[in-house]
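S.K.: quick one: sequence and predicted model below, then my questions.
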Amino acid sequence: MTAMIDFHQLLAAYQTARHDLLAEREASGHWVGRLSSSALSTATAASALAVVAGNAQEESRRQAYRELAARAVGWLAGCQNADGGWGDTDKSFSNIATTMLVEAAFHLAGTAGEHAGPLGRARAYIDAQGGIAGLRRRYGPDRTFAVPILANCALASRVSWREVPPLPFELACLPHAMFRFLRLPVVSYAIPALVAVGQARYFHRWPRNPLVWLVRRLAVRRSLRTLASMQPPSGGFLEAVPLTSFVVMSLASTGRAEHAVTRRSVGFLLDTVRADGSWPIDTNLAVWNTTLAVGALAAASGDVGALGCLEWLLDARHRRVHPFTHAAPGGWGWNDAAGAVPDTDDTSGALLALRILLNSGGQQHRGRIEEAALAGVDWLLAVQNADGGWPTFCRGWGKLPFDRSGTDLTAHAVRALHAWQHWFPNRDIDRAIRDGLDYLAGQQRTDGSWCPLWFANQHHSEGENPIYGTARVLLAYRDLGLIESEPAQRGLRWLAGHADAGGGWGGPFLPSPIGRGTHDHASHGTRPGGEGPPLLIPNPLPQTPGRSPGALISNSHSGICNLQSPIPASSSIEETGLAIEALLADPANPSLRPVLEGAIQWLLEAVAVGRHRQPAPIGLYFAKLGYYEQAYPLVFAVGALGHALRQYTPSAAGDH
């Protein structure tokens, strides 16, 4: 079969994307990225500061907090959607949770009169979505976010405190080891909300049962001490603006605006506000972005050279029991701040990155890398669930979202353990991998797809992202040499059958036959099949920070390209890049090849017009909170193009 991919166009696109990714490094060699500003985060922070302003002792602080809340509301006023609601980001569809929080923020900030028109449209949207009943439908039995949202609205007098379910904050007084057996109504990371919001509900509407009233009365101080013990030095619980904001407004509303927990939390909000008055969902995803970048840069040749991020990554590992989840030492969180909690995805990413860095000039640090890798492997082995899958934070916590096992987490953990399997033969890695593969096979849907926990697609009817989930699982089958297995082949067929009409992935989920989205391009000296001989890629490729000569965009934080792109806007760089990498795991499959090469051509054209710097809102944070990250399209473009270079590089003899 004659390949349709022009090698020179492929190489040029790779060099452009790679150069732009390297240009985003920090001085220490790692990547920080930039999370999107969030309407939900901004609304909760504005509400928190407004409540504190009404209860703070110092007039200067009250005035400063009011001004910040007013700036936040001004930012929110500028990003209302046409339907009257607000989405999680400026690229997101409206949802009832964010819209209710924004409405509450306008009222608490005292600016409702100035924004009567937008608030009227917001109220119409909320009513059309079912109001409180619609909010409860959104979250189902999980009270992690529904109860704090209703409490926020009650503080703004938008709902009655009768509508706010009580939370059993007294359970936080029990030893942490018992939490997994208590079937709490919130997920593992939400103990601060359980305590603070639960206490706010208790003080604003006392329970009628005198015994419950007494138990909770006696538990107030002790549970507050538990809350204080979980607060990191930054003041931000989980480094997350929404969770921290809910703690601030809850404590301040009950007369504790001057409590040490409240003041430290307010300090976190002051430190993380952006110049335009908005807030992101979290401080950053530095560890996650760095490990993704290392993997993407290794795709073309397996060697990333001296990136300079090894020391930083080693230092980011947690070396003591974490006060938040009581996680054992050895894991990595999503960034290097103390408030980040060790988790499966980031620990797996770090292990894969360390394996690459060891082979890329890290031999002089071999002892330290092996020590860190062993600790990470032990951490992963310890949190594997009885069902064979991996959860996010804690083994065996429960079945609520983000506490149960996840396919994306499990696939990542299996890949990480496999990468170090022969280094640590005295660990029972074989069994863990077998159990993980059994879990993945059992979680495959009847259509051949897998759905992840931590990524979403707003075009999907259920908000799921089977493109991301299926691609991630297929990479595990690839790494273990199992791409010919029946589950992997079913996944590949599903993935190929769900390309968008233009050749990429990420748009509305409509069934598409294999072969749709191909392009009729002439052959330009590329050859099909196999990994072939060593790459003939210029070495070294550009590594100097700065913009590549042919870049068509400015170095803006937003990453928005002002050019009129001929590439269909529904597809995303992130999902297309992942799908390409997954399909490249079985490049000789003739039924996949037309879709694969059509997708690669889509990506080449997208990079040519700067689309690789336009992030899509595919990220899923806690409790259905969407986001986008400017590093994602760069990472996934570089990874896909690097793997494609392995496939389409001409042989040394010169194929034509």
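M.R.: Looks like it came in fine. Numbers count the residues shown, from 1 in each chain.

S.K.: secondary structure class for the closest residue to Leu482 other than its chain neighbours?
M.R.: Leaving aside its sequence neighbours, Leu482 sits nearest to Ala488 (C-beta to C-beta, 6 or more residues apart in numbering; 5.9 Å). To be clear about C-beta, it is placed using only N, CA and C from the backbone, and glycine gets the same treatment. Look at Ala488: counting by DSSP: H, G, I helix; E, B strand; the rest coil, its state is helix.

S.K.: what about Ala488, neighbour count?
M.R.: Ala488 has 24 neighbours, counted by other C-beta atoms under 10 Å.

S.K.: let me know the pLDDT of it.
M.R.: With respect to pLDDT, Ala488 scores 98.

S.K.: run a quick neighbour tally on Ser41.
M.R.: 32.

S.K.: please apply the same query to the one 3 residues further on.
M.R.: Other residues near Thr44 number 31, with proximity taken as other C-beta under 10 Å.

S.K.: now do the contacts for Lys91.
M.R.: 36, 616-617, 628 (C-beta atoms under 8 Å, 6 or more residues apart in numbering).

S.K.: wait, a strand at it?
M.R.: No. Judged by three-state DSSP, Lys91 forms no part of a strand; its state is coil.

S.K.: what about Pro508, distance to Gly113?
M.R.: Here the criterion is C-beta to C-beta, to the nearest Å. By it, Pro508 lies 40 Å from Gly113.

S.K.: what do you get for Cys173?
M.R.: In terms of C-beta to C-beta, Cys173 sits 43 Å off from Gly113.

S.K.: outline the domain layout of this structure.
M.R.: 7-35+284-648, 38-280 (automatic domain parsing).

S.K.: which of the ones you listed has the lowest mean pLDDT?
M.R.: It's domain 7-35+284-648: among those, that one has the lowest mean pLDDT, namely a mean of 84.

S.K.: distance between the ends of that domain?
M.R.: Chord length of domain 7-35+284-648, first to last residue, is 6 Å (C-alpha to C-alpha, to the nearest Å).

S.K.: where's that domain relative to the chain centroid, distance-wise?
M.R.: 12 Å (C-alpha atoms, centre = their mean, to the nearest Å).

S.K.: which residues of the stretch 151-300 of the chain fall in helices?
M.R.: With DSSP state H, counting those that start in this stretch as the criterion, the stretch 151-300 of the chain has helices at 191-204, 210-230, 241-253, 260-272, 286-297.

S.K.: could you say what helices and strands whichever helix or strand comes after the shortest one packs with?
M.R.: Translated: helix 286-297. Next in sequence after helix 286-297, counting helices and strands by DSSP states H and E, comes helix 310-315. Contact analysis of helix 310-315 by 3 or more C-beta pairs under 8 Å, 6 or more residues apart in numbering; DSSP states H and E lists helix 286-297, helix 344-359, helix 366-383 as its packing neighbours.

S.K.: export the ones you listed as JSON lines, with columns for distance to Leu270 and mean neighbour count.
M.R.: Listed next are those as JSON lines, based on distance: least, C-beta to C-beta, whole Å; neighbours: other C-beta atoms under 10 Å:
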{"stretch": "helix 286-297", "distance to Leu270": "21", "mean neighbour count": "27"}
{"stretch": "helix 344-359", "distance to Leu270": "27", "mean neighbour count": "24"}
{"stretch": "helix 366-383", "distance to Leu270": "34", "mean neighbour count": "18"}
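
S.K.: quick check: which of the helices of the stretch 151-300 of the chain is nearest to Phe622?
M.R.: Across the helices of the stretch 151-300 of the chain, Phe622 has its closest neighbour in helix 241-253 (7.6 Å, C-beta to C-beta).

S.K.: counting contacts, what elements does that closest one pack onto?
M.R.: Against helix 241-253 (3+ C-beta pairs under 8 Å, 6+ apart) you get helix 39-53, helix 143-155, helix 191-204, helix 260-272.

S.K.: how about 10 Å then?
M.R.: helix 39-53, helix 96-108, helix 143-155, helix 191-204, helix 210-230, helix 260-272, strand 279-280 (3 or more C-beta pairs under 10 Å, 6 or more residues apart in numbering; DSSP states H and E).

S.K.: just name the most buried of these.
M.R.: Mean neighbour count, computed with mean count of other C-beta atoms under 10 Å, is highest for helix 39-53 among those, reaching a mean of 30.

S.K.: that one: what's the following helix or strand?
M.R.: With DSSP H and E, the next secondary element past helix 39-53 is helix 59-77.

S.K.: which secondary structure elements does that next one sit against?
M.R.: So helix 59-77, by 3+ C-beta pairs under 10 Å, 6+ apart, packs with helix 39-53, helix 96-108, helix 116-128, helix 260-272.

S.K.: look up phi and psi at Gly626.
M.R.: phi -90, psi 160 (degrees, to the nearest 10).

S.K.: likewise for the one 3 residues further on?
M.R.: In terms of degrees, to the nearest 10, the main-chain angles of Glu629 are phi -130, psi 130.

S.K.: going forward, the N-terminal residue is numbered 440.
M.R.: Shifting the count to begin at 440 puts that one at Glu1068.

S.K.: correct me, but it touches Ser477?
M.R.: No. Counting by C-beta atoms under 10 Å, no contact exists between Glu1068 and Ser477, whose distance comes to 11.6 Å.

S.K.: and the two? Which one has more around it.
M.R.: More crowded of Glu1068 and Ser477, by other C-beta under 10 Å: Ser477, with 29 against 26.

S.K.: please name the nearest non-neighbouring residue to the more buried one.
M.R.: Going by C-beta to C-beta, 6+ apart, Ser477 has Ile720 as its nearest residue, at 4.9 Å.

S.K.: wait, the one you found touches Ala482, no?
M.R.: No. With contact defined as C-beta under 10 Å, Ile720 and Ala482 do not form a contacting pair (11.9 Å).

S.K.: and the gap between Pro605 and Arg582?
M.R.: 10 Å.

S.K.: typo on my end, Leu474
M.R.: 26 Å.

S.K.: equivalent analysis for Leu650, please.
M.R.: Taken as C-beta to C-beta, the span from Leu650 to Arg582 is 22 Å.

S.K.: Pro607 and Ile630 touch, don't they?
M.R.: No. Applying C-beta under 10 Å as the test, Pro607 and Ile630 come out as separate, 11.4 Å apart.

S.K.: hmm, back to that, can I get the helices of the stretch 590-739 of the chain in a markdown table with distance to Val760?
M.R.: What follows is the helices of the stretch 590-739 of the chain, written out as a markdown table (distance: least, C-beta to C-beta, whole Å):
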| stretch | distance to Val760 |
| --- | --- |
| helix 630-643 | 15 |
| helix 649-669 | 12 |
| helix 680-692 | 21 |
| helix 699-711 | 21 |
| helix 725-736 | 19 |
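
S.K.: alright, I will stop here.
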